[in-house]
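S.K.: coords please:
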Amino acid sequence: MSHNLRTSGFSSVLRSFLITLILLSTLFLIPITKAQSSVSLYYFYGEDCPQCSDITILIEELEAGYPELEVHKLEISHNTTNSELFNAFIQAYNPPAVDLPAVFISNKSLIGYELTKEKLENEIAWCVQNECPDPLSLIKGKEEDQSPLLVMLIGTALIEGINPCGFAVLIVLLASLLLVKSKRSVLCVGLAFIASVFATHSFVGFGIMEFYPVSGMSPLIRSIIILTIVSAGIINIRDFWRGKATLAIPSPLKPTLRKLASYASLPGALLLGFLATLGGLPCTGPIYLTMLDLIAETPSKTVFYLLLYNFFYALPLFVILAIIYKGASPEDIEEWRKGKRRYMKLIAGLVMLALGTAMLFGFV
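M.R.: A predicted model of the protein is given here:
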């Protein structure tokens, strides 16, 4: 009897095990539905955009049809913040054309006439079934590591700042000051000149960037800049061998600058800094254009990077001022400048050629 009980007990356990196994097997056969995550879509439009009204209606319909869809509508015609964000998206996604309306979803951009109901619905349906990244995370990811850009900006600013044009004007100004005034006057007028150079160079940068506040630098402008900087680089390298300066302050402006420098006054120094900066743009201006393109790719830090760049651009002038203030004669500094002028041209030419080549092949 005990044997029967043991057999009955074993059968009962075996039966329970088999039932459990069957139930577990059934669970594995049931298709597992993946939890649907939210889908982020960024829609940029303008109030004066004729095509945008139709797309707005389409997106509202899709928003109602897809509960998972999270739409961010951003008008850019009258909103600077939205314009800067649109610029950041353009720089990150690098679409073949820039237009409105524009939609960014996952790692895809649909812009202008590419933005159709069929394409938009396909992208939304894909992201509903598959986990897609938030487009904003792609923008933030691109802007997080800016240390290489920072190093490039500082190094290039110093190279642009070490140019014979600005040095020559400052040395003439300080030499005139030392003939008639005290060292304190040398310091004050020298700082006024440098401040004027910094402010003028910065305003020129902001002015140029106003041509592409929303869509970034157009392919045509980029091509012109590449051609300009490569040509300027070749000219500077050629001038190194010839011992001449092709890209320099225009000759008609030089007498005016010398006359202003001879006055050695505070207002004269401010005007001199303004004119010398504008007149000296042919020397190293192409380098500046290239850096402005890179600075524009970080809309959230554009002002900071531009001011930082111009601080280091003006830094070599501070060094010259400090050396003369400490007792070195302007004549000795001028002699050194003339002796190293060819090498300054060579360095600037090589940098221009390198930047132009990097832009041509898409490295910057």
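
S.K.: give me the nearest residue to residue 158, chain neighbours excluded.
M.R.: If the residues on either side of it in the chain are set aside, residue 158 comes closest to residue 312, at 5.4 Å by C-beta to C-beta, 6 or more residues apart in numbering. Yep, even glycine has a C-beta here, placed from its N, CA and C like the rest.

S.K.: which residues touch residue 103?
M.R.: Applying C-beta atoms under 8 Å, 6 or more residues apart in numbering, we find residue 103 in contact with 41, 42, 43, 44, 55, 59, 109, 110, 111, 115, 120.

S.K.: tell me the SS of it?
M.R.: strand (DSSP: H, G, I helix; E, B strand; the rest coil).

S.K.: with residue 342 instead?
M.R.: When classified by three-state DSSP, residue 342 comes out as helix.

S.K.: can you tell me how far it is from residue 52?
M.R.: According to C-beta to C-beta, to the nearest Å, residue 342 stands 56 Å off from residue 52.

S.K.: one more: residue 357?
M.R.: 39 Å.

S.K.: among these two, which residue is more densely surrounded?
M.R.: residue 52 (20 against 15; other C-beta atoms under 10 Å).

S.K.: count of neighbours near the closest residue to the more buried one other than its chain neighbours?
M.R.: Sequence neighbours aside, residue 45 is the residue nearest to residue 52 in space, at 3.9 Å (criterion: C-beta to C-beta, 6+ apart). The local packing of residue 45 (other C-beta under 10 Å) involves 23 other residues.

S.K.: swap in the one 10 residues further on?
M.R.: Under the neighbour criterion other C-beta under 10 Å, residue 55 is assigned a count of 22.

S.K.: what residues does the closest residue to it other than its chain neighbours make contact with?
M.R.: Leaving aside its sequence neighbours, residue 55 sits nearest to residue 101 (C-beta to C-beta, 6+ apart; 4.4 Å). Shown in contact with residue 101 (C-beta under 8 Å, 6+ apart): 43, 44, 45, 46, 49, 51, 52, 55, 56, 111, 112, 115.

S.K.: can you tell me the element the second one falls in?
M.R.: Under the criterion DSSP states H and E, the helix or strand holding residue 44 is strand 39-45.

S.K.: just checking, what packs against that strand?
M.R.: Helices and strands touching strand 39-45, by 3 or more C-beta pairs under 8 Å, 6 or more residues apart in numbering; DSSP states H and E, are helix 52-65, strand 69-75, helix 80-93, strand 102-105, helix 117-129, helix 135-144.

S.K.: backbone phi and psi for residue 101, please?
M.R.: Main-chain torsions, residue 101, degrees, to the nearest 10: phi -70, psi 160.
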